[in-house]
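*Asks:* structure, please.
(2 chains)
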Amino acid sequence: MSADPNLLRAALDPILLEVIAAGHTYGYEIAQSIRTRSQGAVLPQEGTLYPALHRLERRGLLRAQWQMSPEGRRRKHYALTAAGRRRLAALRVEWSSFTETVNRILGIAHVQFPAHTA
Amino acid sequence: MSSSPHIPRDAADQAAGAEGRSVRREIEDEIADHLAALKAELGREHKDAIVVDQLARQRFGFIPRIVRQCLWIQDKEQIMLRYTTLALLAVLSLSVVALGLGAYRANQNFADRMDALTTQLGALNDLQQQLAKRQLATVPEIRGHAYLGKPEVPAKQADIELRRLPSGEIYRRLVTDDEGNFVAADLPEGDYFVLASLVGKDNPLIDKEPNYNYVVQSRPLTLARGGLLAEVDLDLKYGAGDIRLELVGPLPDSVACSEGLASTNFPADFPISVQVQLVPRDFKQELPWTTSAPMPESWPVRGYREIFPLLWGQFPPSQFNRSGDMDISRPFNQTMMPAIEYEVRAALLPGFSPKTQTLTIPNMKSMAIDSYWKRKYLLKALGASDELVKFRQKELGGYGVGPIDKISGDLRLIKSFAPLVVRVENGHQTRLRLKVPPNYVENLTSVLASIDLSLTGQAKEDQLKRVIAATRPVPLQIDLVE
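*Replies:* Below is the predicted model of the structure:
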């Protein structure tokens, strides 16, 4: 099952910051980590993470550095800046609170209908 | 060496500079690294490279769109600046094109108009040449409009005299039409002036105000080659009347005189004529000018012309070069008289036969001198002293019939005039029958008895005695003075 693109767009920033904070630093590795952690439900197309990475970089939450890969390709590695780390911590709280609220709302809405007795 | 994916570049990217190409290159390298790693992963499961490539691209997503999104995020300021620059350049180019097109159209329009104007000027030139030829062929003429106070009130049936200059002779007589217009055509070149009057016609302005300008005179009009048409406007504000004057009896036998130049009651060698003056009652009887000094324009020239209908001469009008002043072409039948009051003065004067006449109007001074000598004779005849005889001409007045009684308390001379007031009615003819009173003969000394200059010696003395005896029955010692 793949997530709704709108939901993914809202959750992508904290996901990327969290994965990069966990030590995955370049695009393919970041994509593989998300795919593994979500069991393929969050990132159906891996290319979509690059606009998000570049946006976070432009906002100063990520710092990029070019290095050579073992295969001899130029590879761009990302790391959290101090602002990125503060933002990740804030997003964790916000996201937790938000999802709890949503879950609570959705949990209320989850009604068990009685069986048909006719 | 990275294997950059084949990513099509849009126009913005094409127009990007070195910095833009560097950003794009980094994005492409980053994506290429991802695709290579992805293909390596998939290659472990699939042997077919084409399949691997397709699967890798499918898992990665639409590469050009991702590249554009990244470029926009990384370089949106530059892209916006480039687009703005391109838009401004496009607007500028369009403006230049529009201006050029407008200038071209304006030039084209101007050229078209110049062509049309040239055509019109050519046509106008042709028309002017035609008009000039037509005008040269036009018969010279003078047109005019006579009116009464206002141009919209025409002077109908007004008398018009067209006169030549400098002679003043009448060249043509005309009458205005019901619109007050007149045309004198087919005229020879030369100088003219126009006299206009309205007598006895429908002139509503008559008798409103005494004015001597009852005959209107135009400015000099020159009909020269190339100036073949003259137009005049004449305001006939005032009307006029006619005076017909007849002198009838009772007159003394010696001076009974009918209309004419000489008395038939006198012997042939003693002619006497009658002078009649019609003087506006407030008119200054002075002659401050001579024929050599121009008459002041402010003077009532018209009035003066009519004041002295000198009956004693047959002077051709051509000798009067001042617009018909003192015109004696109508000596006794006075027309166009201002509708005012006059004092009619009549005097008996010696007549001059054509044989003995020495007076000419252009030389009025000579006439005055002649009168002076006559007075001198008379004064001598009356026994005046030499000093008294040596009066100056101006003390006597210009003409021989002046009131010379002012010059001496010792020698009382009687006025020669027989004053009578008449009023000229506009549009009417006043027939005046002047009756010389009986005592006129007794006081006839100022008549200046004439001496026939053809006589000499004793004959002249005898003649003078007869004159004195006939006109003034006062015994006098007569000394004949040459």
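*Asks:* from here on, contacts and neighbour counts on C-alpha atoms
*Replies:* Fine.
*Asks:* and the strands in chain A?
*Replies:* A:62-68, A:74-80 (DSSP state E).
*Asks:* for chain B, find the nearest of those.
*Replies:* strand A:74-80 (6.1 Å; C-alpha to the nearest C-alpha).
*Asks:* about what we covered before: from the strands of chain A, which stretch is densest packed?
*Replies:* strand A:74-80 (a mean of 22; mean count of other C-alpha atoms under 10 Å in any protein chain shown).
*Asks:* can you give me the angle that one makes with strand A:62-68?
*Replies:* 150 degrees (axes from the mean of the first three to the mean of the last three C-alpha atoms, to 10 degrees).
*Asks:* what about strand A:74-80, average pLDDT?
*Replies:* Across strand A:74-80, pLDDT averages out at 93.
*Asks:* which parts of stretch B:37-46 are buried?
*Replies:* B:37-39, B:42-43 (16 or more other C-alpha atoms under 10 Å in any protein chain shown).
*Asks:* of these, list those near chain A.
*Replies:* B:37-38 (C-alpha under 8 Å from any C-alpha of the partner chain).
*Asks:* among the buried residues of stretch B:37-46, which lie within helices?
*Replies:* B:37-39, B:42-43 (DSSP state H).
*Asks:* quick one on the thing from earlier: from the buried residues of stretch B:37-46, which is closest to residue B:54?
*Replies:* Distance to residue B:54 across those (C-alpha to C-alpha) is lowest for residue B:39, with 9.3 Å.
*Asks:* just confirm the closest one contacts residue B:56, I think it does.
*Replies:* Yes. Using C-alpha atoms under 8 Å, residue B:39 is in contact with residue B:56, at 5.7 Å.
*Asks:* before we move on, the earlier item: okay if I get the strands of chain A as TSV plus distance to residue A:101?
*Replies:* Formatted as TSV, the entries for those read as follows, by distance: least, C-alpha to C-alpha, whole Å:
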stretch	distance to residue A:101
strand A:62-68	29
strand A:74-80	28
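*Asks:* please produce TSV containing those, extended by distance to chain B.
*Replies:* Below are those laid out as TSV (distance: least, C-alpha to the nearest C-alpha, whole Å):
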stretch	distance to chain B
strand A:62-68	9
strand A:74-80	6
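*Asks:* out of those, the one nearest residue B:195 is which?
*Replies:* Per C-alpha to C-alpha, nearest to residue B:195 of the strands of chain A: strand A:62-68, 116.8 Å.
*Asks:* that closest one pairs with which strands, parallel or anti?
*Replies:* Paired neighbours of strand A:62-68 in the sheet (DSSP bridges): strand A:74-80 (antiparallel).
*Asks:* report the contact partners of the spatially most central residue of chain A.
*Replies:* For chain A, the residue nearest the mean C-alpha position is residue A:15 (2.1 Å; C-alpha atoms, centre = their mean). By C-alpha atoms under 8 Å, 6 or more residues apart in numbering or on different chains, residue A:15 lies in contact with residue A:34.
*Asks:* longest helix of the chain?
*Replies:* I'll assume chain A. helix A:82-109.
*Asks:* wrong chain, I was asking about chain B
*Replies:* helix B:63-136.
*Asks:* which bits of chain A sit near chain B?
*Replies:* A:27-28, A:44-48, A:50-51, A:54-55, A:58, A:72-76.
*Asks:* now, which of those lie within helices?
*Replies:* Counting by DSSP H, the residues of chain A next to chain B place A:27-28, A:50-51, A:54-55, A:58 in helices.
*Asks:* which one of those residues is nearest residue A:98?
*Replies:* Among those, and counting by C-alpha to C-alpha, the member closest to residue A:98 is residue A:55, at 22.7 Å.
*Asks:* tell me how far the residue nearest to the closest one when sequence neighbours are not counted lies from residue A:28.
*Replies:* Nearest non-adjacent residue to residue A:55, counting by C-alpha to C-alpha, 6 or more residues apart in numbering or on different chains: residue B:73, 6.0 Å away. Using C-alpha to C-alpha, to the nearest Å, residue B:73 is found at 20 Å from residue A:28.
*Asks:* ok, now residue B:113?
*Replies:* Applying C-alpha to C-alpha to residue B:113 and residue A:28 gives a distance of 76 Å.
*Asks:* now do residue B:158
*Replies:* 124 Å.
*Asks:* these two: which is more packed in?
*Replies:* residue B:158 (26 against 23; other C-alpha atoms under 10 Å in any protein chain shown).
*Asks:* surely that one touches residue B:182?
*Replies:* No. Using C-alpha under 8 Å, residue B:158 is not in contact with residue B:182; the gap is 9.4 Å.
*Asks:* quick check: closest non-adjacent residue to residue A:57.
*Replies:* Distances taken as C-alpha to C-alpha, 6+ apart place residue A:63 nearest to residue A:57, at 6.0 Å, with adjacent residues excluded.
*Asks:* sorry, back to before: who does the longest helix of chain A touch, helix- and strand-wise?
*Replies:* Contact analysis of helix A:82-109 by 3 or more C-alpha pairs under 8 Å, 6 or more residues apart in numbering or on different chains; DSSP states H and E lists helix A:5-21 as its packing neighbours.
*Asks:* quick check: mean pLDDT of the helix it packs on?
*Replies:* 84.
*Asks:* angle of that helix against helix A:49-58?
*Replies:* 60 degrees.
*Asks:* now helix A:5-21, how far from the centre of its chain.
*Replies:* Put simply, helix A:5-21 sits 2 Å off its chain's centre (C-alpha atoms, centre = their mean, to the nearest Å).
*Asks:* now that helix: buried residues?
*Replies:* Applying a neighbour-count criterion of 16+ other C-alpha under 10 Å, one finds A:8, A:12-21 buried in helix A:5-21.
*Asks:* what's the angle between that helix and helix A:82-109?
*Replies:* Using the same axes, to 10 degrees: helix A:5-21 against helix A:82-109 is 140 degrees.
*Asks:* name the helix or strand for residue B:192, please.
*Replies:* strand B:190-197 (DSSP states H and E).
*Asks:* domain assignment for chain B?
*Replies:* As assigned by automatic domain parsing, chain B contains the domains B:1-137, B:141-235, B:241-471.
*Asks:* lowest average pLDDT across these?
*Replies:* Looking at the domains of chain B, the bottom one is domain B:241-471 with a mean of 38.
*Asks:* elements contacting the longest helix of chain B?
*Replies:* helix A:49-58, helix B:11-14, helix B:18-43.
*Asks:* who does the first one touch, helix- and strand-wise?
*Replies:* Packing contacts for helix A:49-58, counted by 3+ C-alpha pairs under 8 Å, 6+ apart, involve helix A:5-21, helix A:27-38, strand A:62-68, helix B:63-136.
*Asks:* who are the packing partners of the second one?
*Replies:* Applying 3+ C-alpha pairs under 8 Å, 6+ apart, one finds that helix A:27-38 makes contact with helix A:5-21, helix A:49-58, helix B:18-43.
*Asks:* what comes into contact with the second one?
*Replies:* By C-alpha under 8 Å, 6+ apart, the residues outside helix A:49-58 that reach it are A:12-13, A:16, A:27, A:31, A:62-64, B:66, B:69-70, B:73-74.
*Asks:* cutoff 7 Å now
*Replies:* A:13, A:62-63, B:66, B:69-70, B:73-74 (C-alpha atoms under 7 Å, 6 or more residues apart in numbering or on different chains).
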